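Student: Sequence plus the predicted model coming up.
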Amino acid sequence: MNPPTLVKRTQNINAREAALSIGDHASWHTKYKDSAYIFVGGIPFDLTEGDLLPVFAQYGEVVDVNLVRDKGTGKSKDFAFLAYEDQRSADLAVDNLNGAQVLGRIIKVDHVDKYKKKEEEDEETERLKREARGVCRAFQRGECTRGASCKFSHDEQACLIHIHAVLPWMRHPVDITRCPELPVCSVPLMKRRLQSVLEENMGISKLFPVQVALWQETVGPGDFERDLCINSPTGSGKTLAYALPIVQNLFTNPGGRLRALVVVPTRDLALQVKRIFDALASPLGLRIGLAAGQSSLRHELSSLIYLPGEDDGPDPGFLSPLWFQSKVDILVATPGRLVDHVNKLSLKHLRYLVVDEADRLLREDYQSWLPTVLKLTQSRLAKIVLSATLTRDPGRLAQLNLHHPLFLSAGKMRYRLPEYLECYKLICERKVKPLYLVALLKSLGEEKCIVFTRSVESTHHLCKLLNCFGDLKIGIKEFSGLKHQRVRSKTVGEFRRGEFQVLVSSDAMTRGMDVEGVRNVINYDMPKYTKTYVHRAGRTARAGQTGRCFTLMSKDEVGGFKKLMKKAEASDCLEYTVPSSLIEALHSTYQSVTLNVS
Ligand SMILES: Nc1ncnc2c1ncn2[C@@H]1O[C@H](COP(=O)(O)OP(=O)(O)OP(=O)(O)O)[C@@H](O)[C@H]1O
């Protein structure tokens, strides 16, 4: 069936459902209630990922765009897969955009039942592997003695590609671990008022190594002369590390000009970062804005700039120079909402750009925000780029147009786990994995814990299953993209306040999440990549605290897990055993629970 016919058919179904007043529960959309992905076909060939965002963002926060391109030429193949943060946005997009005309072409928009997303590390490591394939590693190091008989390539050009995969300025980083912690009262050049906010309002008495290192390169002798890329473990205090120098430089001159922009990948993280700026900068007279889709576009915009006709705006009787001027000094934004507002915000005074969780934000699907911001700024932007697993892909870093960059890293390894994290593996047969999880949760008692699964569907299923176990007398809730943003924020709030103990979660939502008192992380599904392990495990053992990360696996997964841990320099992963009597005692409950859930 050709695309216009398919479009017509879906439109007919919608029209018939509307005529029969069929409610949400019985609509054809319910078949796709577990997927927030949509397919878009017939896209004009000139459009890029960035052009698609504003079209589809009308119906919700777009969290993933995969515009399929020809591998050889890089040209668009005219179709894409998009994911929304909230599944209901997918229904709205299908209903409203299917059959719409975009630059003269009729686009087809439909649900996708099961979309297999490529994981972040996947693309980068696979590209490097492809480049290195067939190249003699010993020859690269100048150590191959096999000469012409060597079965691997000694092609100088191919070898160079691999060697230069790491940019020259990244090869010799400033070692953050060598910076000692510093009492707030002895931080050089820190203004007294900032010191007292830190000590009295926030209860912070000393700066962590990454904070000291960044201070030196910004306020200290470095004086923001170079753009900074930081690779520092989860929970090491990166947020305050970039917030401090920005606030120090801005607070003596507050009001009316947007001068710092912080971009983070998710709404929950944006809220968390804003809270830190609120605590640090608001008492000093700076105003902090949020563009993360918490309210309607207009409402959000009116909190960021003066709009004509506003109650608290300038006198409407004359054309005020204040209209469209910024109400905030610092803006924390997600890429989607930033693109929505960017043409109305004046970026000409922007001096600082922070890209937090950079490896995630530099992926193709997010990139359109970056060239837009860089194009609209006028003077040199001081950039701070951070992650616990910072990308070393020259192609991605090139997008940032870095000025004389300096790399700060905690040690030599790309992946590093928190200092006081204990890692355990729990080996069991696949079919009894839920039993082992229940037994483990029982043994952890009332301690706050996050359980990670591989997908939103398994998160939902597992949460349901655990809640049916009467013996587990602990509160368990689900946190995933399937839930509406309001529900998710409420769930995180309750978890923070300790109103329930176990949060079952999928990966996408937890980047950077900082919840006090999380003592345990459980990988119910073993992560496929070290990077995923690092970010999951990093929800515990934060800010110098202790924590434990348990990974459940079957015997045949042990080898893969060992390799994964080796990349994070974590060889001492102990085996955790659960008494077999405990498992046996749970068997009969498990059988009735599985029947209930299915
Ligand atoms: N100097 C400090 N003294 C005490 N606590 C601190 C200090 N700096 C940061 N913290 C606390 O450490 C925790 C982790 O900080 P933050 O969220 O910035 O880590 P991060 O490095 O960004 O982690 P991730 O990579 O997971 O995002 C937070 O709860 C924060 O309040």
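Tutor: In hand now; what should we look at?

Student: next structured bit after the helix or strand hosting A15?
Tutor: In the assignment (DSSP states H and E), A15 maps to helix 3-19. Sequence-wise, the next helix or strand downstream of helix 3-19 (DSSP H and E) is strand 37-41.

Student: could you dump that next one to PDB, C-alpha only?
Tutor: Taking Å, rounded to 0.1, in the frame of the first residue of the first chain, the C-alpha atoms of strand 37-41 are listed here in PDB:
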ATOM      1  CA  TYR A  37       8.400   5.800  19.800                       C
ATOM      2  CA  ILE A  38       6.900   6.900  16.500                       C
ATOM      3  CA  PHE A  39       7.900   6.300  12.800                       C
ATOM      4  CA  VAL A  40       8.000   9.300  10.500                       C
ATOM      5  CA  GLY A  41       8.100   8.700   6.800                       C
END
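
Student: Tell me the helix or strand right after it.
Tutor: With DSSP H and E, the next secondary element past strand 37-41 is helix 49-56.

Student: Next, the angle from that next one to strand 37-41.
Tutor: 110 degrees (axes from the mean of the first three to the mean of the last three C-alpha atoms, to 10 degrees).

Student: Can you give the distance from helix 49-56 to the centre of its chain?
Tutor: 19 Å (C-alpha atoms, centre = their mean, to the nearest Å).

Student: Which is the succeeding secondary structure element to that helix?
Tutor: strand 62-69.

Student: quick one: buried residues of the helix or strand encompassing F277?
Tutor: F277 is part of helix 267-281, with elements assigned from DSSP H and E. Going by neighbour count (16 or more other C-beta atoms under 10 Å), the buried part of helix 267-281 is 267-274, 276-281. Just so you know, the C-beta spots here come from the backbone N, C-alpha and C atoms, and that holds for glycine as well.

Student: what does this structure have sitting close to the ligand?
Tutor: 204, 206-208, 211, 234-240, 388, 512, 514, 538, 542-543 (C-beta under 6 Å from any ligand atom).

Student: May I see the PyMOL selection of the buried members of those?
Tutor: Listed next is the PyMOL selection for buried residues among the residues of the chain next to the ligand, using 16+ other C-beta under 10 Å:
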select buried, resi 204+206+207+208+211+234+235+236+237+238+239+240+388+512+514+538+542
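
Student: The residues of the chain next to the ligand in strands, which ones?
Tutor: Judged by DSSP state E, the residues of the chain next to the ligand include K206, L207 as members of strands.

Student: and the chain, what are its domains?
Tutor: Recorded structural domains for the chain (assignment: the TED database) are 34-111, 120-165, 170-308+325-409, 421-597.

Student: got these as a markdown table, with mean pLDDT columns?
Tutor: A markdown table is the format used below for those (pLDDT from 0 to 100):
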| stretch | mean pLDDT |
| --- | --- |
| domain 34-111 | 81 |
| domain 120-165 | 62 |
| domain 170-308+325-409 | 91 |
| domain 421-597 | 89 |
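
Student: To I13, which of those lies closest?
Tutor: Among the domains of the chain, the nearest to I13 by C-beta to C-beta is domain 34-111 (10.3 Å).

Student: Quick one: end-to-end distance for the closest one.
Tutor: 10 Å (C-alpha to C-alpha, to the nearest Å).

Student: Stretch 377-397 now?
Tutor: End-to-end for stretch 377-397, by C-alpha to C-alpha: 19 Å.

Student: so how far is it off the chain centroid?
Tutor: Per C-alpha atoms, centre = their mean, the centroid offset for stretch 377-397 relative to its chain is 15 Å.

Student: That one: which residues count as buried?
Tutor: For stretch 377-397, by 16+ other C-beta under 10 Å, it's 377, 381-393, 396-397.

Student: Name all residues that make contact with I204.
Tutor: Shown in contact with I204 (C-beta atoms under 8 Å, 6 or more residues apart in numbering): V184, L198, L240.

Student: which residues does the first one contact?
Tutor: So that's V184. M190, Q195, L198, E199, I204, S205, K206, L207.

Student: same question, the second one
Tutor: Remark: with contacts taken as C-beta under 8 Å, 6+ apart, L198 is in contact with V184, I204, L280.

Student: go on, L386?
Tutor: By C-beta under 8 Å, 6+ apart, the neighbours of L386 are C229, I230, N231, S232, K238, A241, Y242, V354, V355, D356, E357, A358.

Student: Inside strands: which ones of these?
Tutor: C229, I230, N231, V354, V355.

Student: Please tell me I have it right and the last one contacts V385.
Tutor: Yes. Under the contact definition of C-beta atoms under 8 Å, V355 touches V385, with a separation of 4.6 Å.

Student: shared neighbours of those two, anything?
Tutor: L400.

Student: hmm, back to that, looking at the ones in strands among the contacts of L386, which one is closest to S302?
Tutor: V354 (24.3 Å).

Student: so who does the closest one touch?
Tutor: Y242, I246, A260, L261, V262, V263, K383, I384, V385, L386.

Student: go with 7 Å
Tutor: Residues counted as contacts of V354 (C-beta atoms under 7 Å, 6 or more residues apart in numbering) are Y242, V262, V263, I384.

Student: does the nearest residue to it once chain neighbours are set aside sit in a helix, a strand or a coil?
Tutor: Leaving aside its chain neighbours, V354 sits nearest to V262 (4.3 Å; criterion: C-beta to C-beta, 6 or more residues apart in numbering). What DSSP: H, G, I helix; E, B strand; the rest coil gives for V262 is strand.

Student: Could you pull up the residues touching V262?
Tutor: Counted by C-beta under 7 Å, 6+ apart, V262 has contacts V273, I330, V332, V354, D356.

Student: Which stretches in the stretch 101-250 of the chain count as strands?
Tutor: Counting by DSSP state E, counting those that start in this stretch, the stretch 101-250 of the chain has strands at residues 101-102, 105-106, 108-111, 174-175, 182-183, 206-207, 228-231.

Student: Export these to a markdown table and append columns for distance to N12.
Tutor: Shown next, in a markdown table, are the strands of the stretch 101-250 of the chain (distance: least, C-beta to C-beta, whole Å):
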| stretch | distance to N12 |
| --- | --- |
| strand 101-102 | 18 |
| strand 105-106 | 15 |
| strand 108-111 | 14 |
| strand 174-175 | 63 |
| strand 182-183 | 68 |
| strand 206-207 | 64 |
| strand 228-231 | 53 |
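
Student: out of these, deepest packed?
Tutor: strand 228-231 (a mean of 27; mean count of other C-beta atoms under 10 Å).

Student: And that strand, how far out from the chain middle?
Tutor: Counting by C-alpha atoms, centre = their mean, strand 228-231 comes out at 17 Å from the chain centroid.

Student: Strand partners (parallel or antiparallel) of that strand?
Tutor: Using DSSP bridges, strand 228-231 pairs in its sheet with strand 382-387 (parallel), strand 406-409 (parallel).

Student: so which of those gets nearest N343?
Tutor: strand 382-387 (21.4 Å).

Student: residue of the stretch 251-400 of the chain with the smallest distance to the ligand?
Tutor: Per C-beta to the nearest ligand atom, A388 is where the stretch 251-400 of the chain lies closest to the ligand, at 4.0 Å.

Student: Against V210, how distant is that residue?
Tutor: 10 Å (C-beta to C-beta, to the nearest Å).

Student: Likewise for K448?
Tutor: Taken as C-beta to C-beta, the span from K448 to V210 is 25 Å.

Student: Which of the two has more residues huddled nearby?
Tutor: Using other C-beta atoms under 10 Å as the criterion, K448 and V210 rank with V210 on top: 25 against 21.

Student: Show the contacting residues for that one.
Tutor: I176, I230, S232, S236, G237, K238, A241.

Student: Recalculate using a threshold of 10 Å.
Tutor: 176-177, 179, 230-233, 236-238, 240-242, 386, 408-410 (C-beta atoms under 10 Å, 6 or more residues apart in numbering).

Student: for L390, same thing?
Tutor: 170, 229-232, 357-359, 362, 396-397, 407-409, 414.

Student: Isn't H404 up against D227?
Tutor: Yes. With contact defined as C-beta atoms under 10 Å, H404 reaches D227; the gap is 6.9 Å.
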